[in-house]
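1. Provided below for reference: sequence and predicted model.
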Amino acid sequence: MDMNRLRDHMVEHHVMRRGIGDQSVIKAMRIVPREKFVDPGFEEFAYEDAPLSIGDGQTISQPFIVALMIEKADLEADDKVLEVGTGSGYASALVSRIARHVYSVERHERLALQARERFERLGYGNIDVRVGDGSKGWAKAAPFDAIIVSAGAPEVPTALKEQLDLGGRLIIPVGRNDEQRLKRITRTGATTFEEEDLGGVLFVPLIGEDAWTAAHPMYTATAPSSRAEETSSKLISAAAEEFSSVDDKSFAVLFDRFADSRIVLLGESTHGTAEFYETRAAISRHFIEHYGFNLIAAEADWPDAAAIDRWLNGQAPGDGQPFRRFPKWMWRNLEFSRFVGWMKKENERRKASHKDPVRFYGLDLYNMSGSIRSVLDYLETISPETARIARERYGCLSPWQSNPATYGRAVLTEAYRSCEDAVLKQCTELLARSLDNAASGKDDFLNAVQSARLLAAAERYYRVMYYGGAQAWNLRDTYMADTVEHLLDFHGPAAKIIIWAHNSHIGDARYTDMATARDELSLGQLCRQRFDEMTSLIGLGTHCGEVIAADDWDGRAEKKQMNPSLPQSCERLCHEAAKPRFLLDLRADEELHASLVEQRLQRFIGVIYRPETERLSHYMSTSLSRQYDAFIWFDETHALSPLVAPQSSKGDPETFPFGF
């Protein structure tokens, strides 16, 4: 990897583009090698704008936050600076390139020793590190022109304020867990201070005599609702359009306001919730029957969806059974099977009246699940430990994952890298076979065109997919959007399409952490950009209930209990509206729209759900009213009903959906 190029990209995209203008900070971030401050094997993640685990429950903060704190400290070349929470040493290293001398206090001896070694190797001789209670500061070295605290305290420790020189600045996160605020305290006199709020942040707790105790439950305490949150919940309650059931005829009529769109994207906040599938099916049936929608496209592999489509249109489904790979419950479930059965009958009615059939397509053109299975199978034969690492990588690198610990399980071994070419060859051959099997009947041309596009880009895609991260996500969603465009072109100007996919795909990523933290885009964003005024984005969410999910990629499907939504999240606002089911039209009420523009936490559960780390592994910040045009709410939901293929008398498994 070209670390200099990645470092420049980080500075330009994650630091300068987000408003950091202090040239001394920018210069320091261009010259200090962040990859030297992460554990071996973590280097590939060093320049993502995300925190990384450094062990002992601590993190190296995301680059933008580090830059913001240093900029707000207003450092001068002759300043003496105290940093509380040395951690990896990265922030101290940056400050040392700006100020005269840095004193740094770290509670964990192992981290302090590692930081000293890094400073020595890099020749940073103006940094002193000691092990101690950071909440007490470093009295012998005081007073300080600036103090930067890289951990959150319940309130500003008195000792730190007292160790400021006159005019000195203290930058510190203050508050309980999810309601931490970054404060700048300026000493204006012997006993007087000015305080400025710099915005919401999330840091590990500052442990010490004048801070949290060592037993502090990090990120688990609940916070009371603010007046702004209460106002938003009341606005949601007033605007909510309730419905009794998705099976009620009046339910689907609620969505007539979106029927003029050419593309309607229907989301889900989990891949394993029955109500989400039933909702999308009810809306889709209504739009197909009354508004001329004739294409359904799903977050599914192209070859698997092609088998379903052939069966819907009276053709032989081809070799093999669709949706046999992990996560097979995502489509092999009773709720989706019922909708497939309805499409089959609808097409039989259309054929009798000489109307064009409803078509079903998959948007994941690269046979992603099968390719990942191919990667894992190959690595299992070479090194089971390497296969374990790969399985963790595929499970952790989703756009809403922000848990620093997940990166700790993504360390690459030399064995992993050495398998790359062989795995890429396997994946490309798998793709070629799958696409060849998908071609049949009058759709040979469409499949041939898609095959040519896929095979031309396959090596690049699989190389990106092999390592994961933002590039893989962006390439995937861009090709999903390309496929939507190709399908509309292929079926002509009268074609109208409904898309079933996760909220992280159908929402507009520009108004989420996906864009601001990782430079990621989404299918919904691209549809809005390419089909202006012709696209409707409808998200779905829930507060609590059951969900089908796995612990790890390729793991066993389990029925899990979801934790109640977090305080001050989008979901908690909807829950506090105290209505069990409703549609929220985010375009119809200007006051409601404005109250939901501010970024709040939103929950995202994919095929993996880890309740024990939910805050960090399943939430990201979003602007609800900008991300979607509407939001469908179920306060409590139930798990999907996976289809278990019973054995026939001949020992052959029942087919899906052909035995429906």
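-> That came in fine, so what should we check first? Residues are numbered from 1 along each chain as shown.
2. and residue 289, how far from residue 49?
-> 46 Å (CB to CB, to the nearest Å). Every C-beta, even on glycine, is put in place using the N, C-alpha and C of the backbone.
3. the more surrounded of those two?
-> residue 49 (20 against 11; other CB atoms under 10 Å).
4. could you verify my assumption that that one touches residue 63?
-> Yes: using CB atoms under 8 Å, residue 49 is in contact with residue 63, at 5.6 Å.
5. overlap of the contact sets of these two?
-> 10, 14 (CB atoms under 8 Å, 6 or more residues apart in numbering).
6. so how far is the strand ranked longest in the chain off the chain centroid?
-> Longest strand in the chain, counting residues (DSSP state E): strand 535-549. Per CA atoms, centre = their mean, to the nearest Å, the displacement of strand 535-549 from the mean C-alpha position of its chain is 14 Å.
7. show me what it is packed up against.
-> Counting by 3 or more CB pairs under 8 Å, 6 or more residues apart in numbering; DSSP states H and E, the packing neighbours recorded for strand 535-549 are strand 263-266, helix 274-291, helix 503-506, helix 523-530, strand 558-562, helix 570-576, helix 624-627, strand 630-637.
8. and the angle from that strand to strand 630-637?
-> Angle, strand 535-549 to strand 630-637, by axes from the mean of the first three to the mean of the last three CA atoms, to 10 degrees: 20 degrees.
9. in strand 535-549, what's buried?
-> Judged by neighbour count (16 or more other CB atoms under 10 Å), strand 535-549 contains these buried residues: 535-549.
10. same deal with stretch 134-142?
-> Applying 16+ other CB under 10 Å to stretch 134-142 flags 134, 135, 136, 137, 138, 142 as buried.
11. rounded mean pLDDT for that stretch, please.
-> Stretch 134-142 carries an average pLDDT of 95.
12. now that stretch: how far from the chain's centre is it?
-> 39 Å.
13. first-to-last residue distance for that stretch?
-> 13 Å (CA to CA, to the nearest Å).
14. contacts for it next, please.
-> Here stretch 134-142 has contacts from 80, 82, 84-85, 103, 105-107, 128, 130, 132, 147, 149, 151, 153, 157, 159-160, 162-163, 206-211, using CB under 8 Å, 6+ apart.
15. just the buried ones from those residues, in PyMOL syntax?
-> Entered in PyMOL, the line below selects the buried ones among the contacts of stretch 134-142, by 16+ other CB under 10 Å:
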select buried, resi 80+82+84+85+103+105+106+107+147+149+151+153+157+159+160+163+206+207+208+210+211
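16. so which of the contacts of stretch 134-142 belong to helices?
-> Residues from those lying in helices, with DSSP state H as the criterion: 159, 160, 162.
17. could you check how far the last one is from residue 168?
-> To tie it back to what came earlier, the one meant is residue 162. 10 Å.
18. likewise for the first one?
-> Note on residue 159: its distance to residue 168, by CB to CB, is 13 Å.
19. would you mark the buried spots in stretch 290-300?
-> 293, 294, 295, 296, 297, 298, 299, 300.
20. likewise for stretch 564-571?
-> For stretch 564-571, the neighbour count (16+ other CB under 10 Å) marks 565, 566, 567, 568, 569, 570, 571 as buried.
21. of the residues you listed, closest to residue 251?
-> Checking these against residue 251 by CB to CB gives residue 571 as the nearest, at 21.1 Å.
22. buried sites along stretch 526-535?
-> 526, 527, 528, 531, 535.
23. average pLDDT for it?
-> 95.
24. now swap in stretch 429-445 and tell me
-> If you average the pLDDT values across stretch 429-445, you get 59.
25. what of stretch 238-254?
-> For stretch 238-254, the mean pLDDT works out to 96.
26. so where's the stretch 151-300 of the chain shaky on pLDDT?
-> 177-178, 214-226 (pLDDT under 70).
27. please enumerate the strands of it.
-> 164-174, 181-187, 193-200, 241-242, 263-266, 295-301 (DSSP state E, counting those that start in this stretch).
28. tell me which strands and helices the first one is in contact with?
-> If contacts are counted by 3+ CB pairs under 8 Å, 6+ apart, strand 164-174 sits against helix 63-72, strand 144-149, helix 158-162, strand 181-187.
29. rerun at 7 Å
-> Under the contact definition 3 or more CB pairs under 7 Å, 6 or more residues apart in numbering; DSSP states H and E, strand 164-174 sits against strand 144-149, strand 181-187.
30. what about dumping the CA coordinates of it to PDB?
-> What follows is strand 164-174, C-alpha atoms only, in PDB (Å, rounded to 0.1, in the frame of the first residue of the first chain):
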ATOM      1  CA  LEU A 164      -3.900  25.600  33.100                       C
ATOM      2  CA  ASP A 165      -1.800  28.700  32.600                       C
ATOM      3  CA  LEU A 166      -3.600  32.000  32.300                       C
ATOM      4  CA  GLY A 167      -5.200  31.900  28.900                       C
ATOM      5  CA  GLY A 168      -4.700  28.200  28.700                       C
ATOM      6  CA  ARG A 169      -7.200  25.900  26.800                       C
ATOM      7  CA  LEU A 170      -8.600  22.600  28.000                       C
ATOM      8  CA  ILE A 171     -10.200  20.300  25.500                       C
ATOM      9  CA  ILE A 172     -12.200  17.500  27.100                       C
ATOM     10  CA  PRO A 173     -15.300  15.200  26.400                       C
ATOM     11  CA  VAL A 174     -17.800  15.600  29.200                       C
END
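31. quick one: distance of that strand to the chain centre.
-> With CA atoms, centre = their mean, you get 34 Å for strand 164-174.
32. give the buried residues for that strand.
-> Under the neighbour-count criterion of 16+ other CB under 10 Å, strand 164-174 has 164, 168, 169, 170, 171, 172, 173, 174 buried.
33. which one of the helices and strands packed on strand 535-549 lies nearest to residue 114?
-> Using CB to CB, the helices and strands packed on strand 535-549 put helix 503-506 closest to residue 114, at 35.4 Å.
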